[in-house]
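Student: Need the 3D shape of this:
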Amino acid sequence: MREDILQASRLIREAHLVVALTGAGVSVESGIPPFRGKGGLWERLDPMEFAHIDAFLRNPARVWDILVREMKDIVDRALPNSAHLALARLEKMGDLAAVITQNIDGLHQAAGNRDVIEFHGSFARQRCMKCGKIVPTHLVSLKSLPPRCECGGILRPDCVFFGEAIPLEALTRSQELSSNCDVMLVIGTSAEVQPAASMPRIAKYAGARIIEINTEPTPLTASYSDLWLKGRAGEVLESLLSSL
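Tutor: Next up is the predicted model:
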């Protein structure tokens, strides 16, 4: 087994509190394209035109038709992959306290993780803008756009649009966990989008060891990460799980 995997497993076994921060690289293996970078949705669609809250409020039917419809189809079909399942298994084993995720697909919960902090909300559910009712995305009909709640209110993705603030509870809990963990697993994220990208830095300054799992180096790799486990999230996490 790779020496870096063995080193990582030792750090996890010796830790009192382990937290994971996950990004698009985890969900890509479930067929969910990233928003940024090569092949991302923002290569085809202008986020300011289709993913800004002002654009949604101005013309919700258009945003539903161009962006949300496509995302609904992707999320409805996606299933947890080996990376999601490994993180759920780590939690069940008592080796992982929580997952802080930048992803909006709900796959960590589908895999079995119970403590998931959704930095950007979730596309797996829709929220009525009038009464606040939550509706699972897969139950939403697209016969008329925008879809509406039983009360007549417009349904919107329960995620953070551009122009909206990160949920305060998600930010506060993430900062608290980052400040108190002994080990942070940073998995499949470019570590460039704030404020999520600051969590590994908060953890590092508080004395935590940073274990990064990514196919390519990030701004964290040379200056913050104690270990870089190069590779796909699913393969590396399965190896890490086996070593534990």
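
Student: At which residues are the helices of this protein located?
Tutor: Along the chain, counting by DSSP state H, helices occupy 3-14, 24-27, 47-50, 53-58, 60-63, 69-77, 82-92, 107-111, 168-180, 198-205, 233-243.

Student: The longest one packs against which elements?
Tutor: Pointing back at helix 168-180 there. Secondary structure elements in contact with helix 168-180, counted by 3 or more CB pairs under 8 Å, 6 or more residues apart in numbering; DSSP states H and E, are strand 98-101, strand 116-118, helix 198-205. Quick note: C-beta positions are derived from backbone N, CA and C, even for glycine.

Student: run the last query once more with 6 Å
Tutor: strand 116-118, helix 198-205 (3 or more CB pairs under 6 Å, 6 or more residues apart in numbering; DSSP states H and E).

Student: How far away from the center of its chain is it?
Tutor: 15 Å (CA atoms, centre = their mean, to the nearest Å).

Student: Likewise for the second one?
Tutor: Taking the mean C-alpha point of helix 24-27 and that of its whole chain, the gap between them comes to 7 Å (CA atoms, centre = their mean).

Student: And the average pLDDT for that helix is what?
Tutor: Helix 24-27 carries an average pLDDT of 92.

Student: do the same with the fifth one
Tutor: For helix 60-63, the mean pLDDT works out to 94.

Student: Run through who's touching that helix.
Tutor: The contact list for helix 60-63 (CB atoms under 6 Å, 6 or more residues apart in numbering) reads 50, 55-56, 145-146, 154.

Student: In TSV, list these along with neighbour count.
Tutor: Listed next are these as TSV, based on neighbours: other CB atoms under 10 Å:
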residue	neighbour count
Phe50	23
Ala55	21
Phe56	25
Leu145	16
Pro146	21
Ile154	19
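
Student: How about Ile117: what's its closest non-neighbour residue?
Tutor: Counting by CB to CB, 6 or more residues apart in numbering, Ile117 lies nearest to Ile100, which is 4.7 Å off, once chain neighbours are set aside.

Student: List the buried residues for the worst-scoring helix or strand of the chain on mean pLDDT?
Tutor: Using mean pLDDT, DSSP states H and E, the weakest-scoring helix or strand in the chain turns out to be helix 47-50, at a mean of 81. For helix 47-50, a neighbour-count test (16 or more other CB atoms under 10 Å) marks 47, 50 as buried.

Student: Run through who's touching it.
Tutor: With contact meaning CB under 6 Å, 6+ apart, helix 47-50 is reached by 55, 63, 66-67, 162.

Student: okay, now the residue nearest to Ile117: neighbour count?
Tutor: With neighbours defined by other CB atoms under 10 Å, the count for Ile100 comes to 25.

Student: so it touches Gly23, yeah?
Tutor: No. The pair Ile100 and Gly23 does not pass the contact test of CB atoms under 6 Å, sitting 10.0 Å apart.

Student: What ranges in this structure fall below the confidence cut-off?
Tutor: Residues of the chain meeting the criterion pLDDT under 70: 1, 35-42.

Student: And it, what are its domain boundaries?
Tutor: Using automatic domain parsing, the domain parsing of the chain gives 1-32+80-120+166-244, 34-77+125-159.

Student: Return the most buried member of those.
Tutor: Highest mean neighbour count of those: domain 1-32+80-120+166-244, a mean of 20 (counted as mean count of other CB atoms under 10 Å).

Student: residues touching the closest residue to Lys133 other than its chain neighbours, list them.
Tutor: Nearest residue to Lys133 in three dimensions, chain neighbours excluded: Cys149, at 5.5 Å (CB to CB, 6+ apart). Neighbour list for Cys149: 128, 133, 155 [criterion: CB under 6 Å, 6+ apart].
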